[in-house]
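Asks: below: sequence and its predicted model.
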Amino acid sequence: MAIGSSSSDSRPNPTGPDPQSQREVKGANANKKIDPFVPRTDHNPRELRSWAKRTGFVSTFSYETTTSNDTATPTPASDLYNRAVDNNNDHRNGGSSPKIEIDPILGRTRQLNSRIEIEPESRPGNDDRGLGLRDESKKRIVGNDVLGAIPNKDEVGLNGTGNEPKKGEVNDFDHVGIEVYPSGEERIADEGWNNRQSGMRYGLRDNPGFALLMYYGLQHYLSLAGSLIFIPLIIVPAMGGTDRDTAEVISTMLLISGITTILHSYFGTRLPLVQGSSFVYLAPALVIINAREYRNLTEHKFRHIMRELQGAIIVGSLFQSILGVTGFMSLLLRLINPVVVAPTVAAVGLAFFSYGFPQAGSCVEISIPLILLVLIFTLYLRGISIFGHRIFQIYAVPLSVLMIWTYAFFLTAGGAYNYKGCSPDIPSSNILVDACRKHAYTMQHCRTDASDAWRTAAWVRIPYPLQWGVPIFHFRTSLIMIIVSLVASVDSVGTYHSTSLLVNSKPPTPRIVSRGIALEGFCSVLAGIWGCGTGSTTLTENVHTVNITKVASRRVVEIGAAFLILFSLIGKVGAILASIPQALAASILCFMWGLIVSLGLSTLQYSQTASFRNITIVGVSLFLGLTIPAYFQQYQPESSLILPSYFVPYAAASNGPVQTSSKQFDFAMNALMSLNMVVTLLVAFVLDSTVPGSRQERGVYIWSRAEDMATDTSLHADYSLPSKVSRFFC
């Protein structure tokens, strides 16, 4: 009977498999945990960890539905598989449409049962493959059929990798770059500012070889030319300096920028960041330059004001170094986030709207073509590639300046600025005829031969410390620069975080950030001792340069810095740059300041941009950061009778509404409240710290932990000090 029963049970069932057993098998398969195909030991910046979630990054790959609460947890892989299989079966059986979920970041709907993109496995190394970046030419899309059932071993599972496509097969997605934005939308990759899919040509620790190092080093600094050389063209003439003084200050800035960049590459955050004269220090420098007691100076005016700036910069920079060395910067990092950084950096660029085109408008035949040309190169011709390099996007500023400078030379040689009886060499105060006074102003700003820097500059000159004299220290100017150093630190923190994500590295630890801020303070002390007129800090525009060149190697930045040091010793190089017409310089600065505004606002991508809380804080802080300084700047307009119109906003320190018994305190407070970036930072900081909001909503920067340095080899290699230096530090 037992044998007969067994034979009877083994006969095939004509009605098919038992439904109950079929459901049990399917349930077992669905709940079965799928292990990764290859264990991942290196860091993948696209892997959704806590720092990515809390900085506003939402991926369509993991189908996360986290809310703004800090307690949100990712969906387990088993649940993800079950939901994908169930949705697939619903489609096959004519079930209802898939559930529509709401994107927690932007409030847009997205469909759960969408195609899933399988990323290639991670490989060791520091190139784009090792960083886990996808190769656009080998992108594979897995549809519902694969998720529902795996007919053979060659198909691809949810966490596995499959065979290469058979020869002759054509995949539509092999020829299209898909950009997955935080909103969950799929768009054609633009390779613009926000393109996270495109990898770097050279990573942080890559060495492309000597020849390419030379090329990329020059390329990196040429793309930053507008930020490195144009500040002296503004401040030196305002200080009463000669064309030779302008050339010498430019050479000094090149030297300090080269030295401080190398120092930061070895002892700072070690990110590929260029140090230089920042626009953060330009507005406070102009405020000090236009103080009432300096307006009537005639003898040694340039040297006296430069020594005043040197003393203020040294004191403010020492405060910044103490901020980093003592670890107090690590405490401030908890309060610094994109909602504070974005309006502050944007206010740095907006602060010069009264200088930009009013100064450039003196020669509209030069300024308008230059602005149009740099916009055409940057926006309309950015996709044109020559020998694999997008030269119009990378060299937009130097190409535009060179072409329009040549055009201005032909205008000058053709007599466009020749006015009978008028000479640009005669001071405007000595010209009696109003028409001739206007023509003299035009000639000074438009003619390419108006500067005598080339004739007076030496061929070889080595900038040296205290070359303008012993610094002068006053409480009022020192207090201004102390507050400005805080603004520079906030600016640098945002740049550190953005650059670390851009080069596909983990964010640095708070200790590394503090180390970078401390070194920036030391570098600004060097700038004060040498007499650059402004402090030396991380250039925000460097983020844009790394993004468009796709070169993130710190060796490239170091070689470029060595070139700057070499050029600084050749006096004629500074003389050539000092010969740029002022109208041309103001025109290109209109673009550079606008770029700073856009880079500042772009940091909002790490927060919830659709949050009413965030957009209100940013909007109110920006508006108050413009209108409150305007009140201080226009309080007593008698300065408008003495100063040029574009310098009137920087004369509020001597004429502001704050009037107490202390003249030093009055000067400092009126100056600080007339600075757009200071007021914007104050308003944004107070509002963001007091208005309730979750960490994810605010986009709080998530930094790496200190213990990760000992366990994560990639983090240690990216940020640790050189071995010969690290043993001297605890």
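Replies: Here it is on my side, so go on. Residues are numbered from 1 along each chain as shown.
Asks: in the stretch 151-300 of the chain, which segments are predicted with low confidence?
Replies: Low-confidence segments of the stretch 151-300 of the chain, defined by pLDDT under 70: 151-198.
Asks: all helices of it, in order?
Replies: Listed in chain order, the helices of the stretch 151-300 of the chain (DSSP state H, counting those that start in this stretch) span 210-222, 225-229, 231-238, 243-267, 282-289, 292-295.
Asks: and the ones you listed: which comes nearest His439?
Replies: Closest to His439 of these is helix 231-238 (CB to CB; 18.7 Å). From N, CA and C alone the C-beta is placed, and that goes for glycine too.
Asks: ok so, going back, turn the helices of the stretch 151-300 of the chain into TSV, columns for distance to Ile313.
Replies: Output for those, formatted as TSV (distance: least, CB to CB, whole Å):
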stretch	distance to Ile313
helix 210-222	23
helix 225-229	18
helix 231-238	12
helix 243-267	11
helix 282-289	9
helix 292-295	17
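Asks: to Ser621, which of these lies closest?
Replies: Here helix 282-289 is closest among the helices of the stretch 151-300 of the chain (CB to CB), at 17.0 Å.
Asks: what is that closest one packed up against?
Replies: helix 231-238, helix 301-325, helix 475-502, helix 663-673 (3 or more CB pairs under 8 Å, 6 or more residues apart in numbering; DSSP states H and E).
Asks: quick one: mean pLDDT over the last one.
Replies: To tie it back to what came earlier, the one meant is helix 663-673. In this model, helix 663-673 has a mean pLDDT of 94.
Asks: got the angle between it and helix 282-289?
Replies: Helix 663-673 and helix 282-289 are oriented at 150 degrees to each other (axes from the mean of the first three to the mean of the last three CA atoms, to 10 degrees).
Asks: contacts for the very next helix or strand once past helix 663-673, please.
Replies: For helix 663-673, the succeeding helix or strand toward the C-terminus, using DSSP states H and E, is helix 676-690. Contacts with helix 676-690, where a contact means CB atoms under 8 Å, 6 or more residues apart in numbering, come from 280, 283, 335, 337, 339-340, 343-344, 346-348, 350-351, 483-484, 486-487, 490, 617-618, 620-622, 624-626, 628-629, 672-673, 698.
Asks: relative orientation of helix 676-690 and helix 663-673 in degrees?
Replies: Using the same axes, to 10 degrees: helix 676-690 against helix 663-673 is 80 degrees.
Asks: buried residues, helix 676-690. List them.
Replies: By neighbour count on 16 or more other CB atoms under 10 Å, the buried set for helix 676-690 is Asn676, Met677, Val678, Val679, Thr680, Leu681, Leu682, Val683, Ala684, Phe685, Leu687, Asp688.
Asks: could you list the low-pLDDT ranges of the chain?
Replies: Residues of the chain that meet the cut-off, pLDDT under 70, sit at 1-198, 421, 423-435, 637-641, 726-730.
Asks: break it down into its domains, please.
Replies: 24-188, 210-358+457-722 (automatic domain parsing).
Asks: highest mean neighbour count out of those domains?
Replies: Of all these, domain 210-358+457-722 has the most neighbours on average by mean count of other CB atoms under 10 Å, namely a mean of 21.
Asks: ends of that one, what's the gap?
Replies: Domain 210-358+457-722 has an end-to-end distance of 21 Å (CA to CA, to the nearest Å).
Asks: could you do stretch 392-399 as well?
Replies: End-to-end distance for stretch 392-399: 8 Å, by CA to CA.
Asks: contacting residues around that stretch?
Replies: Contacts for stretch 392-399 (CB under 8 Å, 6+ apart): 219, 222-223, 225-226, 374, 377-378, 381-382, 384, 391, 548-549, 588, 591-592.
Asks: still on that earlier bit, which of the helices of the stretch 151-300 of the chain sits closest to Arg461?
Replies: helix 243-267 (6.5 Å).
Asks: may I see the buried residues of the helix or strand containing Ala408?
Replies: Using DSSP H and E, Ala408 sits in helix 396-413. The neighbour-count check on helix 396-413 (16+ other CB under 10 Å) flags Ala396, Val397, Pro398, Leu399, Ser400, Val401, Ile404, Trp405, Tyr407, Ala408, Leu411, Thr412 as buried.
Asks: dump those residues into CSV; add distance to Gln467 as well.
Replies: CSV is the format used below for those (distance: CB to CB, whole Å):
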residue, distance to Gln467
Ala396, 34
Val397, 29
Pro398, 28
Leu399, 33
Ser400, 33
Val401, 28
Ile404, 33
Trp405, 29
Tyr407, 36
Ala408, 31
Leu411, 36
Thr412, 32
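Asks: mind listing the helices for the stretch 401-550 of the chain?
Replies: Under DSSP H, counting those that start in this stretch, the stretch 401-550 of the chain gives helices at 434-446, 453-456, 475-502, 510-530, 541-549.
Asks: next, the angle from the helix or strand just after the last one to helix 243-267.
Replies: Right, the one you point to is helix 541-549. Note on helix 541-549: by DSSP H and E, the next helix or strand toward the C-terminus is helix 554-568. Note on geometry: by the same axes, to 10 degrees, helix 554-568 and helix 243-267 are set 160 degrees apart in direction.
Asks: pull up the gap between the residue lying closest to Thr252 once chain neighbours are set aside and Thr260, please.
Replies: Once flanking residues are discounted, Thr252 sits nearest to Pro463: 4.2 Å by CB to CB, 6 or more residues apart in numbering. The gap separating Pro463 from Thr260 is 13 Å, by CB to CB, to the nearest Å.
Asks: mind putting the domains of the chain in JSON lines, distance to Cys436 included?
Replies: Below are these laid out as JSON lines (distance: least, CB to CB, whole Å):
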{"stretch": "domain 24-188", "distance to Cys436": "58"}
{"stretch": "domain 210-358+457-722", "distance to Cys436": "18"}
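Asks: out of those, nearest to Ala416?
Replies: Comparing the domains of the chain by CB to CB, domain 210-358+457-722 comes nearest, at 12.5 Å.
Asks: one step back: let me know whether the residue nearest to Thr252 touches Ala247 as I believe.
Replies: No. Taking contacts as CB atoms under 8 Å, Pro463 lies outside contact range of Ala247: 11.0 Å.
Asks: what's the most distant pair in the buried residues of helix 396-413?
Replies: Ala396 and Thr412 (24.4 Å).
Asks: tell me the SS of Gln608?
Replies: Under DSSP: H, G, I helix; E, B strand; the rest coil, Gln608 falls in the coil class.
Asks: isn't Leu502 right up against Asn547?
Replies: Yes. Counting by CB under 8 Å, Leu502 touches Asn547, with 6.0 Å between them.
Asks: just tell me which of the helices of the stretch 151-300 of the chain ends up closest to Thr448.
Replies: helix 243-267 (12.8 Å).
Asks: give the other helices and strands that the closest one contacts.
Replies: Taking 3+ CB pairs under 8 Å, 6+ apart as the contact cut, helix 243-267 packs with helix 225-229, helix 231-238, strand 275-277, helix 453-456, helix 510-530, strand 536-538, helix 554-568, helix 571-578.
Asks: and the last one, what does it pack against?
Replies: With contacts taken as 3+ CB pairs under 8 Å, 6+ apart, helix 571-578 sits against helix 243-267, helix 453-456.
Asks: of these, which is nearest Ala291?
Replies: Closest to Ala291 of the helices and strands packed on helix 571-578 is helix 243-267 (CB to CB; 19.2 Å).
Asks: that closest one vs helix 301-325, what angle?
Replies: Using the same axes, to 10 degrees, helix 243-267 lies at 10 degrees relative to helix 301-325.
Asks: now the helices for the stretch 601-730 of the chain?
Replies: Using DSSP H, counting those that start in this stretch, the helices of the stretch 601-730 of the chain run over residues 612-633, 663-673, 676-690, 695-698, 708-711, 713-719, 723-726.
Asks: adding distance to Asn655, write those helices out as JSON lines.
Replies: Shown next, in JSON lines, are the helices of the stretch 601-730 of the chain (distance: least, CB to CB, whole Å):
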{"stretch": "helix 612-633", "distance to Asn655": "9"}
{"stretch": "helix 663-673", "distance to Asn655": "7"}
{"stretch": "helix 676-690", "distance to Asn655": "18"}
{"stretch": "helix 695-698", "distance to Asn655": "38"}
{"stretch": "helix 708-711", "distance to Asn655": "52"}
{"stretch": "helix 713-719", "distance to Asn655": "47"}
{"stretch": "helix 723-726", "distance to Asn655": "50"}
